[in-house]
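Novice: only geometry, no sequence info:
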């Protein structure tokens, strides 16, 4: 039986994943993150990158990067935890994404984004957006489990090119600019 034909993730794994997500939400609230957009609305989509709505709602132009996180975490789990049950790999992915959401919303990373990237007014995510980001990663993880490798790779490249063309940013540039900022890239991103 191949992994693609294995049934659903067991109830215990789902409960632990839910506990990780709930704990992450509680920590984000404790950190002072707003539960929803301070505008008082909950939107399915917001497309304005340089606005107070960005990273506050259910989906935005950074959603594809979280789906790609799921692709990457699935691949890493397959490479390094192949002997473990699928549920272990799933929990590892949820824990890593939850950890990133906490780190991403720390003042240190918020300040780093403001200094090194074109996210000049970035103030962090709402708790709703962080929870949605974990959900988008989960979608990517499950897609990678079901799709052939070539389809997952093409989808990731497509997401990267779409967001690069649309907003002059993507997961690759986001990581590059966070780790090793390049002034020319920052100027190009700013338009």
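Specialist: Yep, that arrived. Keep in mind that what you see is a predicted model, and the values were worked out from it rather than measured.
Novice: Return the list of helices and strands in contact with the worst-scoring helix or strand of the chain on mean pLDDT.
Specialist: Among the secondary structure pieces of the chain, namely its helices and strands, helix 107-116 has the lowest mean (mean pLDDT, DSSP states H and E), a mean of 89. In terms of contact count using 3 or more CB pairs under 8 Å, 6 or more residues apart in numbering; DSSP states H and E, helix 107-116 is assigned the packing partners helix 171-179. For every residue, glycine as well, the C-beta is placed using N, CA and C.
Novice: tell me the mean pLDDT over the helix it packs on?
Specialist: In this model, helix 171-179 has a mean pLDDT of 94.
Novice: quick one on the thing from earlier: just the buried residues of the helix or strand just after the least confident helix or strand of the chain, please?
Specialist: Secondary structure here is assigned by DSSP states H and E; on that basis, the next helix or strand after helix 107-116 toward the C-terminus is helix 127-146. Applying a neighbour-count criterion of 16 or more other CB atoms under 10 Å, one finds 127-138, 140-141, 143-145 buried in helix 127-146.
Novice: now do stretch 32-40
Specialist: Going through stretch 32-40 with 16+ other CB under 10 Å, the ones that come out buried are 33, 34, 37.
Novice: Leaving aside the residues adjacent along the chain, what's closest to residue 44?
Specialist: With CB to CB, 6 or more residues apart in numbering as the criterion, residue 44 has its nearest non-adjacent residue at 5.2 Å, and that residue is residue 58.
Novice: That neighbour: which element?
Specialist: Element membership for residue 58, per DSSP H and E: none, as it lies in no helix or strand.
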